[in-house]
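**Student:** no sequence on this one, just coordinates:
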């Protein structure tokens, strides 16, 4: 799901900063770090089915869910491009 026009307008209305506050390269380093944590999870448990509330790593489950959402959104956008 993406933001609706009303949701974007509401955020704009309160002065929401759409730019990333992270330094260049920080997002890549963060992604690499989380990926390494997922690899360790898979080595230990034999799968990538990280629970949303995994007590040993509270950030990993939400990160994995976010990666899945990004992939789903990308596929949806690719389908739209092909239809146009």
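**Tutor:** Happy to help now that I have it. All values reported here derive from a predicted model rather than from experimental measurement.
**Student:** drop to CA atoms for contacts and neighbour counts, all remaining ones
**Tutor:** Will do.
**Student:** can you mark which positions in stretch 53-64 are buried?
**Tutor:** Buried positions in stretch 53-64, judged by neighbour count with 16 or more other Cα atoms under 10 Å: 60, 61, 62, 63, 64.
**Student:** to clarify, my last question referred to stretch 33-49.
**Tutor:** Buried-residue list, stretch 33-49, by 16+ other Cα under 10 Å: 34, 38, 41.
**Student:** quick one: the helices in this protein?
**Tutor:** Assigned by DSSP state H, the chain shows helices spanning 5-13, 26-45, 60-83.
**Student:** okay if I get the ones you listed as TSV plus mean pLDDT and distance to residue 53?
**Tutor:** Formatted as TSV, these follow (pLDDT from 0 to 100; distance: least, Cα to Cα, whole Å):
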stretch	mean pLDDT	distance to residue 53
helix 5-13	85	28
helix 26-45	92	14
helix 60-83	83	6
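**Student:** quick one: closest of those helices to residue 52.
**Tutor:** helix 60-83 (4.2 Å; Cα to Cα).
**Student:** for that closest one, buried residues please.
**Tutor:** Buried residues in helix 60-83 (16+ other Cα under 10 Å): 60, 61, 62, 63, 64.
**Student:** could I get those residues as CSV with distance to residue 18?
**Tutor:** What follows is the buried residues of helix 60-83, written out as CSV (distance: Cα to Cα, whole Å):
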residue, distance to residue 18
60, 24
61, 25
62, 21
63, 20
64, 23
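**Student:** pLDDT value on residue 20, please?
**Tutor:** Per-residue pLDDT puts residue 20 at 67.
**Student:** just use 502 as the starting number from now, easier for me
**Tutor:** Let's use 502 as the start, then, which means that last one is residue 521.
**Student:** what's the separation between the residue at minimal distance from the centre of the chain and residue 520?
**Tutor:** By Cα atoms, centre = their mean, the mean C-alpha position of the chain lies nearest to residue 567, the distance being 3.1 Å. Separation of residue 567 from residue 520 (Cα to Cα, to the nearest Å): 19 Å.
**Student:** how about residue 545?
**Tutor:** Distance from residue 545 to residue 520, by Cα to Cα: 37 Å.
**Student:** please apply the same query to residue 512.
**Tutor:** Taking Cα to Cα, one finds residue 512 at 13 Å from residue 520.
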